[in-house]
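Peer 1: Sequence and predicted structure below; questions after.
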Protein chains: 2
Amino acid sequence: MRGMGATIKDVARLAGVSTATVSRVINNDPRIAPTTRERVVECIRSSGYRINKIARSLKINKTHTIGFVAPELANDFFMTIAKGVEETVAAAGYSLLIASSNENAAQEALRIDLLIEKCVDGVIIIPATSNGRHFIELREGGIPVVLADRLVSDFPADAVLVDNVQGSREAVALVIEEGCERIGFIGGDLDLTSAQERFKGYLKALADHGVRPEQAIIKFGDFHIDSGYALMRELMEEPNPPEHVFISNYYMHIGATMYLVDHASTLPRVPAIAGFDDMEFTSLLGFASVTVKQPVIEIGRRAAELLIRKIEAKDKNPNQPARPRFQILRLPGELLVRDRPQKTILARSDFHLQK
Amino acid sequence: MRGMGATIKDVARLAGVSTATVSRVINNDPRIAPTTRERVVECIRSSGYRINKIARSLKINKTHTIGFVAPELANDFFMTIAKGVEETVAAAGYSLLIASSNENAAQEALRIDLLIEKCVDGVIIIPATSNGRHFIELREGGIPVVLADRLVSDFPADAVLVDNVQGSREAVALVIEEGCERIGFIGGDLDLTSAQERFKGYLKALADHGVRPEQAIIKFGDFHIDSGYALMRELMEEPNPPEHVFISNYYMHIGATMYLVDHASTLPRVPAIAGFDDMEFTSLLGFASVTVKQPVIEIGRRAAELLIRKIEAKDKNPNQPARPRFQILRLPGELLVRDRPQKTILARSDFHLQK
DNA sequence: CTCAGTGATGTAATCGATTACATTATGCTA
DNA sequence: TAGCATAATGTAATCGATTACATCACTGAG
C-alpha cells in the first residue's frame, strides 16, 4: 500500500478548509464556490494527493470491484469471456478481481469466500462443476451473481451462455442432410451442463432425422486436448469407425485433430469433424466441416451488463429485491460451414529436445 | 458489498466480550484463554460473521491484493503468465486485480492510476509499449513493481523475461549450421524490447557465421496474426524468397503459417519456419523446424515471487529501501528441434456463413 | 502480607474517507 | 431594516476493523 501519500486531511490543512470541503471537491459536489474549488484543486495537485479508495469503500459500502472466477486462466475461451467482462465493467467504473478455481469445486468455494471478504460488489462465475451449493453464501451476503457458460444445480441464478442444444443440433442436422447419418460423438463430462446440452442437441438432431444413436461411437471425456486425442483414438479403433464425428468443444477438437494428423497415414479413412466452438485457430484444423461459433466476447459483455444492472438496482433499492425469477440468456451460436473436408493431410511432428 | 452481515461488534456483544478480544481470536493471538476463544468462535459461527477485509486493510495499511496489467486478456501467452502469477500470489495469500491496457500506453497509465488508488500492495506489468514514464507514479507511491516479458525505457525496474537474444541466436544458428544461410526474418515492432532483442539475436547468429544480413528479406510488423500473414506474403512475393524464415513470435508464426497454407499450391517452394515461442498449438503448425520455447508459466511465477519478496521486505522495513540496483532475471529458452520441414501440406479452408 | 510479574481482557484512538446536520454569510423582499 | 431563503462551509459521527495502553485478577517470592 501507499507509503506516506498525502491524505484528505493534509490537503484540507494546506488549503485552509475542512476535510468536508475537500471531499466535496473530489466528488464534484456542485455547492462549492468556484474560487474554493480552484484553490483545493491546486492543493491536491501540489501535494500529490490521491484518493484512498479503501477508505472510501469502507464508508460508502461499495468497492467498485467485481469478482470473476474461472476454472482456468490459461484458456482462450474463458479469457475471451474475461475480456468481454473487463471491457464492460471497466467502462462502468469497476475493476476486476480475478481468481482461478482450478476446475475444482473446493477451490472455487475458497475463492468465493475470499471475494466475499474483499467485499466485491458482484461476481461473475464460470462454474467449475455442476455443484453450486457454495454459491449460496453469495446470495446470503446479498452479492449479485451472474453465471457464464455453464449452469449449476442447487443454485438458480441469472446466467449468460450460448444456446448449446440449438447449436449442436443444427450442426449435426447439417451433416445428416449432407448425406452422412453415422456420426460419432466426442463430448465432455456430463457433469457440466454445457456438455449435457451439446449431447442433447446431437441426440435431437439424430431423432429429428430418424437416426438411431449408436452406443459404440459415442464417447465422453473431459473437454481437454488429451481427452480429445484419446477419444478419437477409441473411435478410430472401433471395428466400424464413423466417417464424420461431432466434437463438442474446441480443445477436444484440437486433440482429436492431433490424433488424426499423427495417424492419417495408417487410417483406412480419415473422418471429417463437425465441432462446437470456432476459435482463433479452428481454421488451422484440417478436417473441420462445420463448426458452431459461440459469441464468446458477447457472453462476457452480456454477463457483465446484467451484473451491473443488478448491482445498480440493488444500490438504488437495498432492501429485498425478492425478484423471484432468474434470467437465463441464451445467445445463438453461428453455424460456420467450411469446404468439404480436405483430402490433404495436415502435418504434425513431435519434437525431440536438443542440448 | 455485503448488505447487513454481522460485524465484529455484533460478535463481541453476542459473546459478551470486547471487540478487541474478538479481533484477537480472529487473528489467532495466543494470549486468549481457551474457553473464551471457544465461546467467541461459536458466536462467529452462529452469527455468520465474516471479516470485512476493507476495514482491515484500511487499518493495517495492506490490501493483500496485487495488480496485474497486461496488454490484452484474450492472449494465451499473457494469460499463461497470469496463471503463474495467480498460482503464486494466491499461495501467499494475495489476490489478483487484473487490468488490460489494450496495448495502449494511455490506457495503461489510467489502469495504473486506478491500481494505486485501490492501494494494491504491488504490481506486475507486461508493458504495452516501451514507454514507462507513467510507471514512476508507482515508485513515488512506494509500490513495488516487477515487469514481465518486456522492459521499458525511463523506468529501470526488476523484471523477469526470457533470454530473447540467446534464444533467437541459437535457433537461427541451428538453421545455418544445417546448411541454410539465407534466412528471412519476420519480427515485431522494434519499439518493444522483446522484438528488439530477438532481432538482435538473429543478427548475432548471422554475424557469428559470417552471413551478411539482407534487407529485402527482413520484415517488421506487430506481433499479431494478421501481421504475420501479411509479412509472409511480402516475403514470398520477393523476387528471390528465402527458403527458411525466422519468425519472432507465436502469433506471427500462426499468421505466416496460414498464408503458406492458403498459397502452398501456387508457391514455387514453401519455406520452413524457425520460430520464437512454442505454445500449445505450435505442434499443429506444419512448417516449423525449430522453435524457442519460453518458460511462460515460470516467468509468471518468478515475477510473482520476486514481487512478493519485495513487498515483504518493505513490510518489514518501510523506510527507504533505496536499493540502487534492479534485478533483471533472464530465464533461458529451450530449443525444440522438429523433424525436417514437412513435405505434406497443411489444409486450411475459409468458411462461408450459412443462414 | 505485600508486591512484582504474568496472563486475560477491556478502553479508546486510529486508519482515510463521507455526510447529516449545524453554522455562518449573503442576498433579496417587503 | 428586519426577516428569511439560499449558498458555502465546518463539525463531528461513522464505516469495521486493529492495537497501544490500561486495567484487573491471580500467583508466588520474600
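Peer 2: In hand now; what should we look at?

Peer 1: Tell me how chain A divides into domains.
Peer 2: A:8-51, A:63-156+A:296-331, A:164-295 (automatic domain parsing).

Peer 1: does any part of the shortest one sit near DNA strand C?
Peer 2: Yes - residues of domain A:8-51 are located near DNA strand C by C-beta under 7 Å from any atom of the strand, namely A:8-9, A:19-20, A:23-24, A:26-27, A:49, A:51. Bear in mind the C-beta positions are built from the backbone N, C-alpha and C, glycine included.

Peer 1: What segments of chain A are helices?
Peer 2: Applying DSSP state H to chain A gives helices spanning A:8-15, A:19-26, A:34-47, A:53-60, A:76-91, A:105-117, A:136-140, A:164-177, A:193-208, A:225-236, A:250-263, A:296-316.

Peer 1: Only C-alpha atoms, please: export the second one in CSV.
Peer 2: Extracted C-alpha coordinates of helix A:19-26, given in CSV (Å, rounded to 0.1, in the frame of the first residue of the first chain):
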residue,chain,number,x,y,z
THR,A,19,-11.9,17.8,5.0
ALA,A,20,-15.6,18.0,4.1
THR,A,21,-14.9,20.7,1.6
VAL,A,22,-12.0,18.7,0.1
SER,A,23,-14.2,15.7,-0.2
ARG,A,24,-16.9,17.7,-1.9
VAL,A,25,-14.4,19.0,-4.4
ILE,A,26,-13.2,15.5,-5.1
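
Peer 1: Any residue of that helix touching chain B?
Peer 2: No - Helix A:19-26 lies out of reach of chain B by C-beta under 8 Å from any C-beta of the partner chain, never closer than 11.3 Å.

Peer 1: Could I get the buried residue list for that helix?
Peer 2: Neighbour counts over helix A:19-26 (16 or more other C-beta atoms under 10 Å in any protein chain shown) mark A:21-26 as buried.

Peer 1: Could you do the third one as well?
Peer 2: Applying a neighbour-count criterion of 16+ other C-beta under 10 Å, the buried positions in helix A:34-47 are A:36-37, A:39-40, A:43-44, A:47.

Peer 1: go on, the fifth one?
Peer 2: For helix A:76-91, burial by neighbour count (16+ other C-beta under 10 Å) applies to A:76-90.

Peer 1: One more: the shortest one?
Peer 2: By 16+ other C-beta under 10 Å, the buried positions in helix A:136-140 come out as A:137-138.

Peer 1: name the helices or strands packed onto it?
Peer 2: Where contact means 3 or more C-beta pairs under 8 Å, 6 or more residues apart in numbering or on different chains; DSSP states H and E, helix A:136-140 is packed against helix A:105-117.

Peer 1: likewise the longest one?
Peer 2: Helices and strands touching helix A:296-316, as assessed by 3+ C-beta pairs under 8 Å, 6+ apart, comprise strand A:65-70, helix A:76-91, strand A:122-125, strand A:145-148, strand A:158-162, strand A:328-331.

Peer 1: Parallel or antiparallel, which strands does the last one pair with?
Peer 2: Here the strand partners of strand A:328-331, with direction, are listed using DSSP bridges: strand A:158-162 (parallel).

Peer 1: What are the contacting residues of the strand it pairs with?
Peer 2: Residues outside strand A:158-162 that contact it (C-beta atoms under 8 Å, 6 or more residues apart in numbering or on different chains) are A:145-151, A:194, A:292, A:294-295, A:299, A:302-303, A:306-307, A:310, A:326-333.

Peer 1: try stretch A:193-211
Peer 2: A:130, A:149-152, A:161, A:164-173, A:176-177, A:181, A:183, A:185, A:187-190, A:212-213, A:220, A:223, A:246, A:248-249, A:276.

Peer 1: hang on, residue A:101 packs against residue A:113?
Peer 2: No - the criterion here is C-beta atoms under 8 Å, and residue A:101 misses it with residue A:113 at 12.0 Å.

Peer 1: ok, these two, which is more surrounded?
Peer 2: Set residue A:101 next to residue A:113 and count neighbours by other C-beta atoms under 10 Å in any protein chain shown: residue A:101 wins out with 22 against 14.

Peer 1: Chain neighbours aside, what residue packs nearest to that one?
Peer 2: Among residues not flanking residue A:101 along the chain, residue A:108 sits closest, at 3.6 Å (C-beta to C-beta, 6 or more residues apart in numbering or on different chains).

Peer 1: just residue A:224 next, same as before
Peer 2: According to C-beta to C-beta, 6+ apart, the nearest residue to residue A:224 is residue A:251 (5.3 Å).

Peer 1: Could you tell me how many residues sit around the one you found?
Peer 2: 22.

Peer 1: I'd like to check which residues are in contact with it.
Peer 2: Going by C-beta under 8 Å, 6+ apart, residue A:251 touches A:223-225, A:228.

Peer 1: Find the residue ranges of the stretch 251-355 of chain A scoring beneath the pLDDT cut-off.
Peer 2: Applying pLDDT under 70 to the stretch 251-355 of chain A flags the ranges A:319-324, A:339-355.

Peer 1: My error: substitute chain A in the last question.
Peer 2: Low-confidence segments of chain A (pLDDT under 70): A:1-4, A:319-324, A:339-355.

Peer 1: Can you tell me which residues in it are near DNA strand C?
Peer 2: A:7-9, A:19-20, A:23-24, A:26-27, A:49, A:51-52, A:55-56, A:58-60.

Peer 1: Among the residues you listed, which ones lie close to DNA strand D?
Peer 2: For DNA strand D, the contacts drawn from the residues of chain A next to DNA strand C by C-beta under 7 Å from any atom of the strand are A:19-20, A:24, A:55, A:58-59.

Peer 1: from the residues you listed, which two are the most distant?
Peer 2: Maximum pairwise distance among those (C-beta to C-beta): 18.7 Å, between A:24 and A:58.

Peer 1: Quick check: the farthest pair among the residues of domain A:8-51 next to DNA strand C?
Peer 2: Based on C-beta to C-beta, the longest span within the residues of domain A:8-51 next to DNA strand C runs between A:9 and A:27 and measures 16.3 Å.

Peer 1: coming back round to it: could you single out the nearest of the buried residues of helix A:76-91 to residue A:263?
Peer 2: For the buried residues of helix A:76-91, the minimum distance to residue A:263 (C-beta to C-beta) is 25.7 Å, reached by residue A:76.

Peer 1: The closest one is in contact with residue B:76, isn't it?
Peer 2: Yes - with contacts counted by C-beta under 8 Å, residue A:76 reaches residue B:76, the gap being 6.0 Å.

Peer 1: sorry, back to before: so how do I select the buried members of the residues of chain A next to DNA strand C in ChimeraX?
Peer 2: The ChimeraX command for the buried members of these (criterion: 16+ other C-beta under 10 Å) is given here:
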select /A:7,8,23,24,26,49,51,52,55,56,58
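
Peer 1: Please report how far the residue nearest to residue A:221 when sequence neighbours are not counted lies from residue A:259.
Peer 2: The spatially closest residue to residue A:221, leaving aside those adjacent along the chain, is residue A:227, at 3.2 Å (C-beta to C-beta, 6+ apart). The span separating residue A:227 from residue A:259 equals 11 Å under the rule C-beta to C-beta, to the nearest Å.

Peer 1: Residue A:265 too?
Peer 2: 13 Å.

Peer 1: more neighbours, the two?
Peer 2: Taking neighbours as other C-beta under 10 Å, residue A:265 and residue A:259 compare with residue A:259 leading, 21 against 9.
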